[in-house]
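Engineer: Predicted model follows, preceded by the sequence.
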Amino acid sequence: GDSVTQMEGPVTLSEEAFLTINCTYTATGYPSLFWYVQYPGEGLQLLLKATKADDKGSNKGFEATYRKETTSFHLEKGSVQVSDSAVYFCAPGGGSNYKLTFGKGTLLTVNP
Amino acid sequence: DGGITQSPKYLFRKEGQNVTLSCEQNLNHDAMYWYRQDPGQGLRLIYYSQIVNDFQKGDIAEGYSVSREKKESFPLTVTSAQKNPTAFYLCASSLGQGRAEAFFGQGTRLTVV
């Protein structure tokens, strides 16, 4: 089945720092790739997605590029804010696999 | 507004009692899912349903049961057989048929005392 390896947290940054959260995956076929964000005590929200190789997903200043050759989908943001503090999940899914497979999540804390 | 509604947000039960968590969606999605989240464990799939009147076990189905009698509803029962039921439970739905982008409810935090 599919699997995901995410950068282990917690990650602590100062406001306006550059963020990278690494994600690599194994999957059958050609999955779509997703990043979800979870704020304390809430459900998951879709942050961005990419559906095919070399696609770049972006939202709220976050970006990730679907790299088929390295099976990676690293999340980046050029300047983080305190409000970005949350847990981030990488997940492949779709195509021949009807469901999402989640990584363990990376806790990001941004200090003022 | 379209979305997924889980209720209640917090639930307390005594050990040995069955408890049912509600999940309703008005997105007209075919597929629905239940996940369990524990600290440091990520999300683990309990059950999923790709269509009405059909469902399959996920990775950690023991001690849980579900039903899918209506497209909109996918309730989860945590039975007394579940050895460690205290957790955060998340319901999700997707279009299905290979389209995995999922929309999540706000979750139910179950505490068994």
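Structural biologist: Sure, I can see it.
Engineer: Surely B:Tyr47 touches B:Ile60?
Structural biologist: No. Look at B:Tyr47 against B:Ile60 with C-beta atoms under 8 Å: they stay out of range, at 9.3 Å. Every C-beta, even on glycine, is put in place using the N, C-alpha and C of the backbone.
Engineer: Name the residue in these two with the higher neighbour count.
Structural biologist: B:Tyr47 (22 against 15; other C-beta atoms under 10 Å in any protein chain shown).
Engineer: And that one, how close does it get to A:Leu44?
Structural biologist: Here the criterion is C-beta to C-beta, to the nearest Å. By it, B:Tyr47 lies 18 Å from A:Leu44.
Engineer: next one: A:Lys56
Structural biologist: A:Lys56 sits 21 Å away from A:Leu44 when distances are taken as C-beta to C-beta.
Engineer: Could you check which of these two is surrounded by more residues?
Structural biologist: A direct count of neighbours by other C-beta under 10 Å for A:Lys56 and A:Leu44 places A:Leu44 higher, at 29 against 10.
Engineer: Does that one touch B:Gln106 like I think?
Structural biologist: No. Taking contacts as C-beta under 8 Å, A:Leu44 lies outside contact range of B:Gln106: 9.9 Å.
Engineer: How far does the lengthiest strand in chain B sit from its chain's centre?
Structural biologist: Ranked by residue count, the top strand of chain B under DSSP state E comes out as strand B:42-51. Centroid separation for strand B:42-51 versus its chain: 7 Å, with C-alpha atoms, centre = their mean, to the nearest Å.
Engineer: Need the residues that contact that strand.
Structural biologist: Residues outside strand B:42-51 that contact it (C-beta atoms under 8 Å, 6 or more residues apart in numbering or on different chains) are A:44, A:89, A:98-99, A:102-105, B:30-38, B:55-61, B:64, B:66, B:68, B:74, B:76, B:89-90, B:96-97.
Engineer: Many thanks, we can stop here.
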